[in-house]
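Q: this is a predicted model, with the sequence first.
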There are 2 protein chains.
Amino acid sequence: MHVLIIGAGGFIGSRLAMEYRQKNPNASISLFDLHIPEALKENPGFSCITGNFGDPAQTDPLLEKKPDLIFHLAAVVSGEAEKNFDLGMQVNLRGSLHLLEKCRELGHQPRIVFASSCGIFGGDVHQVITENTAPKPRSSYGTQKAIVDLLMNDYSRRGFVDARCLRLPTITVRPGKPNAATSSFLSGIIREPLNGQQASYPVDPASEFWILSPKQVVKNLIHAAALEAEVIGEDRTINLPGLTVSVQHMIDCLEKVAGPEITQLLNHKPDDFLQSIVLTWPPHFNTQKADQLGFTADRDVEEIIRNYVREENIQLQNS
Amino acid sequence: MHVLIIGAGGFIGSRLAMEYRQKNPNASISLFDLHIPEALKENPGFSCITGNFGDPAQTDPLLEKKPDLIFHLAAVVSGEAEKNFDLGMQVNLRGSLHLLEKCRELGHQPRIVFASSCGIFGGDVHQVITENTAPKPRSSYGTQKAIVDLLMNDYSRRGFVDARCLRLPTITVRPGKPNAATSSFLSGIIREPLNGQQASYPVDPASEFWILSPKQVVKNLIHAAALEAEVIGEDRTINLPGLTVSVQHMIDCLEKVAGPEITQLLNHKPDDFLQSIVLTWPPHFNTQKADQLGFTADRDVEEIIRNYVREENIQLQNS
């Protein structure tokens, strides 16, 4: 079993690599990304290759080894794809199309787990999104992800690949530094105060979002890889389960876990650019298909924060 | 006013060219297609260029003239795109993407009327399709059209173009010879008997389809070009009105118009390939948005057949 993780250098990709390794000690695992953390490079369980997913010359050698399973997590994130249109199109659309074309050419019908996004939906935020809701992205990132979902479906229907596309909720709490995702603040408002730093949120605190923890998304990605195509059906897209939460609720949960002196570090700082994208994301989903297929969400925000505190070895003042 | 009609050599394109010319006598109109009928080439009202839409070197010179309005009707049709995957991807997807990229580069924000297709929908044929129904194409043609709809929306949102995507029902009655569209038989079962020739239908006669006449589709394409972007809204896709009709109903109407000796020329000849595509097309639509925007359908099948008979100067035995 040869597994390729594209976009393995990011936070989700790295964590996925470690957990997949642990669960599949006999798999041969290759990691690909622009940058790969030292901890993974030094791990004898991985073969690490650095390169640009937007450049076929760099990805073709990896694919020519005919991986049986490909996790495709490479992406120019939402804020960056909005500001740098060419880069988003090159990586998110053309890179993914090339991946599919190369797999078709090689003819070994690999299984692909594609990290799509709930950012493909947009517009009326009061609607409840189902498997049958039309993607109406209000960002170039969402457009590119929605297009790749369609391609993954058609390439699967034709037997070129065996794809499953997980539409990821906003992932929070991400450790480390803020990134260029427009949803980055949904991690920042938890992470920064817990580090004793100030942080702001660009939207009204009553604004709601559809969220999932890193722990659950990695679990779901690994679960997706194990499902047989027949149980997924002709439509390979799956809206992942999550939690509908307001910014205020997240702050309240943070206060419950860490105390009011922590949440005092937060403030509301409106941002037109961020609002123009994140406020078009519908936060209400009916994920019946995903639920039936065994995908799972977090129990509540408090659990998400407590897991983050534990995973990052954060010492709480009030504990 | 400079107008470019891409795919002007086809039946709809040619008819559109003639009607647009008539309604806009002062417009400068360029026609582009692989082949252009002699009648159009000889018409001093048109500047005709033959070439391949899938080849940027052939389309770029046309676009560099910065047409204010582009009708984009070029397509590898459904049956051909299913059998020749590379050709469909090259023309339907890459050609359209290049068109958008070139317009973006030129920066003059042309209005584009794109002939999309109701073939982007698929799966549950009992559902009623609305503007909010997810495209679930069961063909590569439908996939490519759905992708271009997404691109047209994003390029419009960003101000690179001002697109409107009309999702066309099955167009019937098309004159001339059968083509490689999987829906070709829906014209053939009217056209061939009226020409005294036998014809067959590959599906159960109770099967229903969503249809529109050439007359109405041309009228709707011209109407789309005249609408201001504001009235269409952020989502530039429009499911065109049509009629939900069974094959049997079409045969009954033909009999009413032309007599039983004509419909005796028809027979049921099942075809697995055609069924695998056309029977995934949902025939029921709620086209509220299109209706409100002033798009129109035919009154009934009898009117469609009588119009065809008149337009083609067919002498009916029973009239």
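A: Done, it's in.
Q: what residues does chain A put near chain B?
A: Within reach of chain B by CB under 8 Å from any CB of the partner chain, chain A has these residues: A:85, A:123, A:127, A:131-138, A:140, A:143, A:146-147, A:150-151, A:153-154, A:157-158, A:234-235. From N, CA and C alone the C-beta is placed, and that goes for glycine too.
Q: if we go to 7 Å?
A: Selection of chain A residues close to chain B by CB under 7 Å from any CB of the partner chain yields A:85, A:132-136, A:140, A:143, A:146-147, A:150, A:154, A:158, A:235.
Q: okay, these in JSON lines with secondary structure, neighbour count and pLDDT next?
A: Output for the residues of chain A next to chain B, formatted as JSON lines (DSSP: H, G, I helix; E, B strand; the rest coil; neighbours: other CB atoms under 10 Å in any protein chain shown; pLDDT from 0 to 100):
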{"residue": "A:85", "secondary structure": "helix", "neighbour count": "17", "pLDDT": "98"}
{"residue": "A:132", "secondary structure": "coil", "neighbour count": "15", "pLDDT": "94"}
{"residue": "A:133", "secondary structure": "strand", "neighbour count": "20", "pLDDT": "96"}
{"residue": "A:134", "secondary structure": "coil", "neighbour count": "23", "pLDDT": "97"}
{"residue": "A:135", "secondary structure": "coil", "neighbour count": "27", "pLDDT": "97"}
{"residue": "A:136", "secondary structure": "coil", "neighbour count": "24", "pLDDT": "96"}
{"residue": "A:140", "secondary structure": "helix", "neighbour count": "26", "pLDDT": "98"}
{"residue": "A:143", "secondary structure": "helix", "neighbour count": "29", "pLDDT": "98"}
{"residue": "A:146", "secondary structure": "helix", "neighbour count": "30", "pLDDT": "98"}
{"residue": "A:147", "secondary structure": "helix", "neighbour count": "28", "pLDDT": "98"}
{"residue": "A:150", "secondary structure": "helix", "neighbour count": "24", "pLDDT": "98"}
{"residue": "A:154", "secondary structure": "helix", "neighbour count": "27", "pLDDT": "98"}
{"residue": "A:158", "secondary structure": "coil", "neighbour count": "13", "pLDDT": "98"}
{"residue": "A:235", "secondary structure": "coil", "neighbour count": "19", "pLDDT": "97"}
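Q: my guess is residue A:144 contacts residue A:88, does it?
A: Yes: contact criterion CB atoms under 7 Å: residue A:144 and residue A:88 qualify, at 5.9 Å.
Q: ok, back up a step: closest to residue A:22 among the residues of chain A next to chain B?
A: Proximity of those to residue A:22 (CB to CB) peaks at residue A:235, which lies at 31.1 Å.
Q: mind listing what that closest one touches?
A: Residues counted as contacts of residue A:235 (CB atoms under 7 Å, 6 or more residues apart in numbering or on different chains) are A:131, A:153, B:136.
Q: work out for me the element the second one sits within.
A: What that stands for is residue A:153. Taking DSSP states H and E as the criterion, residue A:153 maps to helix A:140-157.
Q: so residue A:201 makes contact with residue A:186?
A: No: with contact taken as CB under 7 Å, residue A:201 and residue A:186 are classed as non-touching, separated by 8.1 Å.
Q: quick check: phi and psi on whichever residue of the stretch 201-319 of chain A sits closest to chain B?
A: The nearest approach of the stretch 201-319 of chain A to chain B comes at residue A:235, 5.7 Å away (CB to the nearest CB). Note on residue A:235: its backbone torsions stand at phi -90, psi 110 [degrees, to the nearest 10].
Q: what about the strands in chain A?
A: Along chain A, the stretches classed as strands by DSSP state E are A:2-6, A:28-33, A:46-50, A:69-72, A:111-117, A:128-129, A:162-168, A:170-171, A:199-201, A:208-212, A:237-239, A:243-246, A:266-268, A:284-285.
Q: adding mean pLDDT and mean neighbour count, write these out as CSV.
A: Shown next, in CSV, are these (pLDDT from 0 to 100; neighbours: other CB atoms under 10 Å in any protein chain shown):
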stretch, mean pLDDT, mean neighbour count
strand A:2-6, 98, 25
strand A:28-33, 98, 23
strand A:46-50, 97, 17
strand A:69-72, 98, 24
strand A:111-117, 98, 26
strand A:128-129, 97, 17
strand A:162-168, 98, 25
strand A:170-171, 96, 24
strand A:199-201, 96, 19
strand A:208-212, 97, 24
strand A:237-239, 98, 24
strand A:243-246, 98, 20
strand A:266-268, 96, 14
strand A:284-285, 98, 18
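Q: redo the ones you listed as a markdown table? Include distance to residue B:34.
A: Below are the strands of chain A laid out as a markdown table (distance: least, CB to CB, whole Å):
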| stretch | distance to residue B:34 |
| --- | --- |
| strand A:2-6 | 38 |
| strand A:28-33 | 41 |
| strand A:46-50 | 43 |
| strand A:69-72 | 36 |
| strand A:111-117 | 35 |
| strand A:128-129 | 42 |
| strand A:162-168 | 33 |
| strand A:170-171 | 47 |
| strand A:199-201 | 55 |
| strand A:208-212 | 47 |
| strand A:237-239 | 35 |
| strand A:243-246 | 51 |
| strand A:266-268 | 58 |
| strand A:284-285 | 45 |
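Q: so, low pLDDT: which residues of chain A?
A: A:319 (pLDDT under 70).
Q: center of it, which residue is that?
A: Among the residues of chain A, residue A:168 comes closest to the average C-alpha position under CA atoms, centre = their mean, at 5.1 Å.
Q: my guess is it meets residue A:240, correct?
A: Yes: using CB under 7 Å, residue A:168 is in contact with residue A:240, at 5.9 Å.
Q: which neighbours do the two share?
A: Shared contacts of residue A:168 and residue A:240, counting by CB under 7 Å, 6+ apart, come down to residue A:212.
Q: what residue in the stretch 151-300 of chain A comes nearest to chain B?
A: residue A:154 (4.0 Å).
Q: could you report the distance from that residue to residue A:77?
A: 25 Å (CB to CB, to the nearest Å).
Q: check residue A:264 too.
A: Residue A:264 is 29 Å from residue A:77, by CB to CB.
Q: try residue A:261
A: 32 Å.
Q: do the same with residue A:111
A: Counting by CB to CB, the gap from residue A:111 to residue A:77 is 25 Å.
Q: go on, residue A:38?
A: In terms of CB to CB, residue A:38 sits 22 Å off from residue A:77.
Q: ok, these two, which is more surrounded?
A: residue A:77 (19 against 9; other CB atoms under 10 Å in any protein chain shown).
Q: which residues does the more buried one contact?
A: Shown in contact with residue A:77 (CB under 7 Å, 6+ apart): A:141, A:179, A:180, A:181.
Q: which among these end up buried?
A: A:141, A:179, A:181 (16 or more other CB atoms under 10 Å in any protein chain shown).
Q: pretty sure the residue of the stretch 151-300 of chain A closest to chain B sits against residue B:141.
A: No: using CB under 7 Å, residue A:154 is not in contact with residue B:141, being 9.8 Å away.
Q: just the CA atoms of stretch A:230-249, as CSV, please.
A: This file holds the C-alpha atoms of stretch A:230-249, laid out as CSV (Å, rounded to 0.1, in the frame of the first residue of the first chain):
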residue,chain,number,x,y,z
GLU,A,230,-20.3,1.6,-3.5
VAL,A,231,-21.4,2.9,-0.1
ILE,A,232,-20.7,6.5,-1.1
GLY,A,233,-22.7,6.2,-4.3
GLU,A,234,-22.4,8.1,-7.6
ASP,A,235,-22.1,11.5,-6.0
ARG,A,236,-18.7,11.5,-4.3
THR,A,237,-19.2,14.8,-2.5
ILE,A,238,-19.9,14.7,1.3
ASN,A,239,-20.7,17.7,3.4
LEU,A,240,-18.9,16.9,6.7
PRO,A,241,-20.7,17.2,10.0
GLY,A,242,-19.9,20.1,12.2
LEU,A,243,-21.2,22.5,14.8
THR,A,244,-23.2,25.7,14.2
VAL,A,245,-21.8,28.2,16.6
SER,A,246,-21.7,32.0,17.0
VAL,A,247,-18.5,33.9,17.7
GLN,A,248,-20.1,34.9,21.0
HIS,A,249,-20.7,31.3,21.9
